[in-house]
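Participant: take a look and give me a structure for this.
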Amino acid sequence: MLMIKSRAGSRATRGGGRLRAVLGVTTTALLTVTALAALPQTAHAADTLGAAAAEKGRYFGAAVAAHRLSEAQYVSTLNTEFNSVTPENEMKWDALEPSRGSFNFSSADRIVNHAQSRGMDVRGHTLVWHSQLPSWVSGLGAADLRTAMNNHITEVMTHYKGEIHSWDVVNEAFQDGGSGARRSSPFQDKLGNGFIEEAFRTARAADPDAKLCYNDYNTDGVNAKSNAVYTMVKDFKSRGVPIDCVGFQSHFNSASPVPSDYQANLQRFADLGVEVQITELDIEGSGTTQATHYGNVVKACLAVTRCTGITVWGIPDKYSWRASGTPLLFDDNYNKKPAYHAVLSALGGTSGGGPGGPGTPGAACTATYTTAEDWGGGYNGKVTVTAGSSPISNWSVNVTLTAPQKVVSVWNGTPAWDSSGNVMTVKSSWNGTLAAGASTSFGFTVNRNGGSAPPQVGACTAS
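Facilitator: Below is the predicted model:
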């Protein structure tokens, strides 16, 4: 829905209404920094990335695309593994204000509403950036551009006031290479160096409680570009310009690996009194090498007290902007890669599926699916749960259905559904206690309703 708004009254008519609605079904704590300690509803403590990070006082998030929220497996993985989200494109200027003064929040709202329903934090990305600008912005003169920039910041932040944990207020304002100079952009070219400070002051006035971040890439080690950003942040802090955090995008590959001074660079920014956040992490590669690099990034963040969280830029490899480089933690079929297990281990978590994922010998438990009976319009599914090399006292398995199929009954397990209605978490009832190597099963009846895709059974977790 296209929403045309004036600055006056927008908080009362939009942001506050959603916030009050969310407070009716969850607690205030879930909408503040203390949400970092909230575990996803389908997770067990330290079994998932978000839960393990929360135990370390951090968040672990993912970039999310609104149109993917209709995909059951995408939603299941998001809900289970992460406790923070960043809209991938839905909060950029061309998405929110395609024509001057006319704001379309529908796609961004979908992500925010989903996150709030799960107790997740939201990072806002991004308010002022040279890229993904609607054409009308570049055509403005200096005075009009200043007005438009400040109005855009104010309108967007007012709409989401109290609902965004951190905002990337200005994104990628410095050039690559050895000069440390500012990047040419409509804002830099027409407003000069002061546009960044002005953007931050406008953002603070719009939402005094949101953390305000500067975000950039190729600033992960000590180099000319990161030195230029460091100098700006130091100047801002000395003069009282409101800046709370610096985001490090951390896009790595074999030609641009994790720098040896990564941790030291994060620390020197933290020593200025700002938080540091790893905002767009992805590492091209595969296997042990990729896993080692991911683990080292997480360890560096944990070693810096003011490093408050990590966001990976996507969920499965196939949806990454660098898909051919397989840079994420889940493969195209949402299987956990070695990099996933390296990250979970670095965070201090443990995986019920073991290093090789579901079915690994010696894992806490495994889950296997078979179709027991099939009558065309529906079927009975059976999931066999088998304990690993040690006894277990309870178990939990996720079953994902593809709409319009629906489960109509479940036996030998206790089901719960996520907000999409397509992901069922089945927990043990009377049959949770299993000796090492012993098995039990649960079953469910599905009405196909014209659908044909088989259910997807996730990893078994146990204690």
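
Participant: close enough to count as contact, Asp176 and Asn218?
Facilitator: Yes. Using C-beta atoms under 8 Å, Asp176 is in contact with Asn218, at 5.7 Å. All C-beta atoms are positioned from the backbone trio N, CA, C, and that covers glycine.

Participant: between the two, which is the more surrounded one?
Facilitator: Asn218 (20 against 15; other C-beta atoms under 10 Å).

Participant: need the contact list for the more buried one.
Facilitator: Residues near Asn218 by C-beta atoms under 8 Å, 6 or more residues apart in numbering: Asp176, Lys225, Ser226, Ser256.

Participant: for PyMOL, what selects the buried ones among the residues you listed?
Facilitator: The following PyMOL line selects those of the contacts of Asn218 that are buried, judged by 16 or more other C-beta atoms under 10 Å:
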select buried, resi 225+226
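
Participant: what's the closest of the contacts of Asn218 to His165?
Facilitator: Set against His165, the nearest of the contacts of Asn218 by C-beta to C-beta is Ser226 (23.9 Å).

Participant: phi, psi of that closest one?
Facilitator: phi -70, psi -30 (degrees, to the nearest 10).

Participant: quick revisit: joint contacts of Asp176 and Asn218?
Facilitator: What both Asp176 and Asn218 touch, as defined by C-beta under 8 Å, 6+ apart, is the set Lys225.

Participant: in this structure, what secondary structure element scores lowest on mean pLDDT?
Facilitator: Across the helices and strands of the chain, mean pLDDT, DSSP states H and E gives its lowest value to helix 10, namely a mean of 35.

Participant: ok, now which ones touch Arg201?
Facilitator: Contacts of Arg201 (C-beta under 8 Å, 6+ apart): Val241, Pro242.

Participant: what about it, which helix or strand?
Facilitator: Assessed by DSSP states H and E, Arg201 sits inside helix 195-206.

Participant: next, the angle from the helix or strand just after that helix to helix 195-206.
Facilitator: Downstream of helix 195-206, the first helix or strand assigned by DSSP H and E is strand 211-216. Interaxial angle, strand 211-216 versus helix 195-206 (axes from the mean of the first three to the mean of the last three C-alpha atoms, to 10 degrees): 150 degrees.

Participant: what lies in contact with strand 211-216?
Facilitator: Counting by C-beta under 8 Å, 6+ apart, 125-126, 165-174, 196, 200, 203-204, 225, 229, 232-233, 242-249, 275, 277, 279-280 sit against strand 211-216.

Participant: buried sites along stretch 75-92?
Facilitator: Within stretch 75-92, the residues scored as buried using 16+ other C-beta under 10 Å are 75-88, 90-92.

Participant: now do the contacts for Tyr340.
Facilitator: Tyr340 touches Leu49, Leu329, Phe330, counting by C-beta under 8 Å, 6+ apart.

Participant: one more time with 6 Å
Facilitator: Shown in contact with Tyr340 (C-beta atoms under 6 Å, 6 or more residues apart in numbering): Leu329.

Participant: separation between it and Val122?
Facilitator: Distance, Tyr340 to Val122, by C-beta to C-beta, to the nearest Å: 23 Å.

Participant: quick one: low-confidence ranges for the stretch 301-450 of the chain?
Facilitator: Confidence mapping of the stretch 301-450 of the chain against pLDDT under 70 gives the ranges 351-363, 419-420.

Participant: backbone phi and psi for Ser409, please?
Facilitator: Dihedral angles for Ser409 - degrees, to the nearest 10 - are phi -160, psi 150.

Participant: that one reaches Gly443, doesn't it?
Facilitator: No. Between Ser409 and Gly443 there is no contact under C-beta atoms under 6 Å: 8.7 Å.

Participant: and which of the contacts of Asn218 is nearest to Trp430?
Facilitator: Closest approach to Trp430 among those (C-beta to C-beta): Ser256, at 54.3 Å.

Participant: just give the nearest non-adjacent residue to the closest one, would you?
Facilitator: Nearest residue to Ser256, sequence neighbours excluded (C-beta to C-beta, 6 or more residues apart in numbering): Asn218, at 7.5 Å.

Participant: how far away is the one you found from Ile278?
Facilitator: From Asn218 over to Ile278 (counting by C-beta to C-beta), the distance is 14 Å.

Participant: quick one on the thing from earlier: the buried residues of stretch 75-92 in helices, which ones?
Facilitator: Among the buried residues of stretch 75-92, the members found in helices (DSSP state H) are Val75, Ser76, Thr77, Leu78, Asn79, Thr80, Glu81.

Participant: please put the alpha-carbon coordinates of stretch 264-282 into CSV.
Facilitator: Output of stretch 264-282 as CSV, limited to C-alpha atoms (Å, rounded to 0.1, in the frame of the first residue of the first chain):
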residue,chain,number,x,y,z
ALA,A,264,42.8,-4.9,16.3
ASN,A,265,41.0,-2.7,13.9
LEU,A,266,37.6,-3.4,15.6
GLN,A,267,39.2,-2.7,18.9
ARG,A,268,40.6,0.7,17.9
PHE,A,269,37.2,1.9,16.9
ALA,A,270,35.6,0.5,20.0
ASP,A,271,38.2,2.4,22.0
LEU,A,272,36.7,5.6,20.6
GLY,A,273,33.6,4.8,22.6
VAL,A,274,31.4,3.5,19.9
GLU,A,275,29.9,0.0,19.4
VAL,A,276,31.2,-2.0,16.5
GLN,A,277,28.9,-4.3,14.5
ILE,A,278,29.7,-6.8,11.7
THR,A,279,26.9,-5.8,9.4
GLU,A,280,27.0,-7.8,6.1
LEU,A,281,29.2,-10.8,6.7
ASP,A,282,29.8,-13.3,3.9
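
Participant: residues in contact with it: which ones?
Facilitator: For stretch 264-282, using C-beta under 6 Å, 6+ apart, the contacting residues are 215, 221-222, 233-234, 237, 245-251, 301, 304, 306-313, 327-328.

Participant: buried residues of it, list them for me.
Facilitator: 265-270, 272, 274-282.

Participant: which ones among these are found in strands?
Facilitator: When DSSP state E is applied, the buried residues of stretch 264-282 are split such that Glu275, Val276, Gln277, Ile278, Thr279, Glu280, Leu281, Asp282 fall in strands.

Participant: just the terminal-to-terminal distance for stretch 438-455.
Facilitator: 24 Å (C-alpha to C-alpha, to the nearest Å).

Participant: what does that stretch contact?
Facilitator: For stretch 438-455, contacts defined as C-beta under 6 Å, 6+ apart pick out 377-387, 399, 401-402, 404-413, 426, 431.
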